[in-house]
Structures are given as structure tokens and as C-alpha cells.
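Undergrad: Quick one, what's the 3D model for this:
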Amino acid sequence: MRTIVTPLFTLRPYERGIQETLGKYTRFVLPGLGVQVPFVQLVRVRDIREHTMDIMPQSVITKDNVEISVDGVMWVRPATDEDAIKRTFYNIDDWKRAVIQLAMTNLRQEFGDLTLDESLVAREKIATNLKGILGNFAVEWGLTVSKVEIRLIDPPEDIKKAMHKQKTAEQERRSMRLLATGEFEAAEQQKLAAIQRAEGEREAAIKVAEGRAEAIKLVNESAEKYFVGNAQALKQIEMVETSLKDNAKVILTDKGITPTLLLGELPVNEKKR
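TA: All right, here's what the predicted structure looks like:
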């Protein structure tokens, strides 16, 4: 806040002010050039930009009686309308200090309702609750709470060491679980590969057997088609040759020579003929 007592004054675009005459509110002052009567009038100016304010580190007790250190940051600005600017001057003496003290008080209350484990994962929830509480009070002071963030949640050293050991053990268990899973998946892949290889070998053996069977079938069909008739003719020639050699009768028919083999020698009178 700044106070202007000179006859001429200028307010910047991010400023709003109120003019008082002999200690009494006179009017709302907007950005630009202004004029006033020195020693009779004065202008009080408020910066309406976002103000970044730290919530200083403080010790809080959680629901399970663990003392932790927490801090935060918040963004607050005066509202821009006339009524709000008047409240920033007349409803609170030091609005920045008031907001910070209110934030610290309610921060302790928020953590007091949670256990340590809940506190460590509830930053967003705590910040949202704190923003709502501060916003309700800030309206009475002509302020707007834009955002609240919890920056640090710091447990005692012994608890941090225990948490670190727990985290390390959990990571080791997770690593072993992943390793076992990887080995199992590798074994499954090897099993599938062996099955596929065996299936391939069986398919190849079946195809070879089928090829051989097809070849045998073709040979049989060729033998039946081209060899059976020739074999019969050859057999007949052999029989004729045998008959002539053994002095057998040879019968000539319209279908060709049909040898008849007679056991023993022919009669004499047959020889003479």
C-alpha cells in the first residue's frame, strides 16, 4: 500500500485507490491522472496483482501422533471492485499477515485430521481444503485466494530411514518378481519354439511319406498299364519254346499258337504220321 498526499498523482493500471477527505471516505480512484487538495485530501493505493506469500515451515502433529514439518505457498490478490478495495483498508489492518496466520492455523488442523501415511499422499486434498477455508475469510477482507500449494512434508529422520528401508525392500521384491516373470516367459517361449519345431518336423515327415506313397502308386499304375500285357505275351512265347523243346503238340487256332504240353513221348504211329 502507498499513500499519496500531493496535488497531482497517477495510478498505474494494476492499482486501485480510495480518496479520503478529512479522514472520511470520498470516492473510488481508478488508474490514470488525479487531482486532490493537499493536507485536506489523500489517496490510499492498493496493488491488485497476485501476491505470492509463503506459509513458513512449522511443526504439526498428525492423527497418529507423528510430528512433521510442513510449509506451503499461496497466491492472494485484492479484488478490483470498489467495495472490495474499501474492505482491504477498513476491515483488516494488515491483510497479508492476517492471511498467512490464518493459513498456518488451518494447516495444522488439516494435518491433525490425517495419519502420517495419509498426509504424505494428500497434498492436493489439503491444499484444496485450505484454499476453501481461506477463501471464505478472505472475502470479508476484500481478497481473493487464487491458489494454495503444499511444498514440504518432512517426517522425522528415524521415520524417513524406516520409510527408505521399506521402499528398498519393496523395490527388491518388485525386481525379483519381474525377474521371475521374465524367466517364466522365456521358458514359455522356449516351450512354444520346441513345440513348433516338433510340429514342423512332423509335417515334413508326413509330406515325405505322402511323396513316397504317391511315387509307389505311380509305379504300380504304370506297371499295371504298360507291363501286364507284355508279360502275358512273353509268357506265351516261353511256353511255345518249352513245348517245341519237349516235343509237345502245338495247336494252331484263329487266335494264334496255343501249345499243349503232353507228358511222356508220343505213340509210334503218331511219329510216323
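Undergrad: Tell me the predicted confidence for the residue nearest the centre of the chain.
TA: For the chain, the residue sitting closest to the mean C-alpha position, by C-alpha atoms, centre = their mean, is Leu178 at 16.8 Å. If you check Leu178, the pLDDT there is 80.
Undergrad: For Val29, which non-adjacent residue is closest in space?
TA: Closest residue to Val29 apart from its sequence neighbours, by C-beta to C-beta, 6 or more residues apart in numbering: Gly17 at 3.7 Å. Backbone N, C-alpha and C define where each C-beta goes, glycine included.
Undergrad: Surely that neighbour touches Leu11?
TA: Yes. Contact criterion C-beta atoms under 8 Å: Gly17 and Leu11 qualify, at 5.8 Å.
Undergrad: tell me, what's touching these two both at once?
TA: Val29, Val43, Val45 (C-beta atoms under 8 Å, 6 or more residues apart in numbering).
Undergrad: list the contacts for the second one?
TA: Counting by C-beta under 8 Å, 6+ apart, Val43 makes contact with Thr3, Ile4, Phe9, Leu11, Gly17, Ile18, Gln19, Glu20, Val29, Gly34, Gln36.
Undergrad: Confirm it sits in a strand?
TA: Yes. Applying DSSP: H, G, I helix; E, B strand; the rest coil, one finds Val43 inside a strand.
Undergrad: Please name the bridge partners of it.
TA: Ile4, Gln19 (DSSP bridges).
Undergrad: Can you tell me how far it is from Val148?
TA: To Val148, Val43 is 32 Å away according to C-beta to C-beta, to the nearest Å.
Undergrad: Ala213 now?
TA: Computed with C-beta to C-beta, the distance linking Ala213 and Val148 is 86 Å.
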